[in-house]
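Enquirer: the following comprises the amino acid sequence and a computationally predicted model.
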Amino acid sequence: MTPKRKKRLALVLSIVVGVSAAVGLSLYALNQNINLFFSPTQIASGEAPIGQRIRAGGMVVDGSVNRDQQSLKVNFGLTDYESDITVEYTGILPDLFREGQGIVAMGEMNEQGIFVASEVLAKHDENYMPPEVQEALDAAGKTADGQDATPKAGG
């Protein structure tokens, strides 16, 4: 092999190694930022991974909001009208957060089966429903107010 060929081979190999490293680091970074969506039914059935950042969405259960008087800690129920889960959040909730409203929360499941939210997002007007929450309610056959989505015959 001539010295010119050796230099060219070294250059090609270094380019291949550099591109491979860049692709590998990009894929690793993208994998860390994936937030999978789970409905309360999927979470209650154990489909959601423990300790991994996920999104959960549904309707806040009426009468379930419990605020700690000494801190910003809030516990509330989240439902898709099939299953309920408990959500724990520490921080200031959005102004539009209230019982019976649709929300999407980002956080992770702990070993006790409680969803520990790091962020809570509330819908922004009366007609809007987050797409993931709407799909979860549709899958459960319910409307946003908990009624059956399919009308009953003869009623």
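Expert: Nice, I can see it. None of the values given here were measured: they were computed from a predicted structure.
Enquirer: could you pull up the mean pLDDT of the helix or strand harbouring Leu137?
Expert: Following DSSP states H and E, one finds Leu137 within helix 131-140. Average pLDDT, helix 131-140: 74.
Enquirer: repeat that for stretch 62-72.
Expert: Stretch 62-72 carries an average pLDDT of 92.
Enquirer: equivalent analysis for stretch 104-123, please.
Expert: Averaged across stretch 104-123, the pLDDT comes to 90.
Enquirer: which residues touch that stretch?
Expert: 35, 37, 43, 48-57, 78, 85-89, 91, 93-98, 101-103, 129-130, 132-133 (CB atoms under 8 Å, 6 or more residues apart in numbering). Where C-beta positions appear, they are placed from N, C-alpha and C, glycine not excepted.
Enquirer: neighbours of Leu27, just the number please.
Expert: 10 (other CB atoms under 10 Å).
Enquirer: could you identify the helix or strand that succeeds the host helix or strand of it?
Expert: Here Leu27 sits within helix 3-32, counting by DSSP H and E. Using DSSP H and E, the helix or strand that follows helix 3-32 in sequence is strand 36-38.
Enquirer: gap between that following strand and the chain center?
Expert: With CA atoms, centre = their mean, to the nearest Å as the basis, strand 36-38 stands 4 Å off its chain's centre.
Enquirer: assign a three-state SS to the spatially most central residue of the chain, would you?
Expert: For the chain, Arg55 is the residue whose C-alpha lies nearest the centre (CA atoms, centre = their mean; 0.6 Å). When classified by DSSP: H, G, I helix; E, B strand; the rest coil, Arg55 comes out as strand.
Enquirer: equivalent analysis for Ile85, please.
Expert: Counting by three-state DSSP, the backbone at Ile85 sits in strand.
Enquirer: isn't it up against Phe76?
Expert: No - assessed by CB atoms under 8 Å, Ile85 is found out of contact with Phe76, at 9.9 Å.
Enquirer: now Gln70: phi and psi?
Expert: With angles defined as degrees, to the nearest 10, Gln70 sits at phi -100, psi -10.
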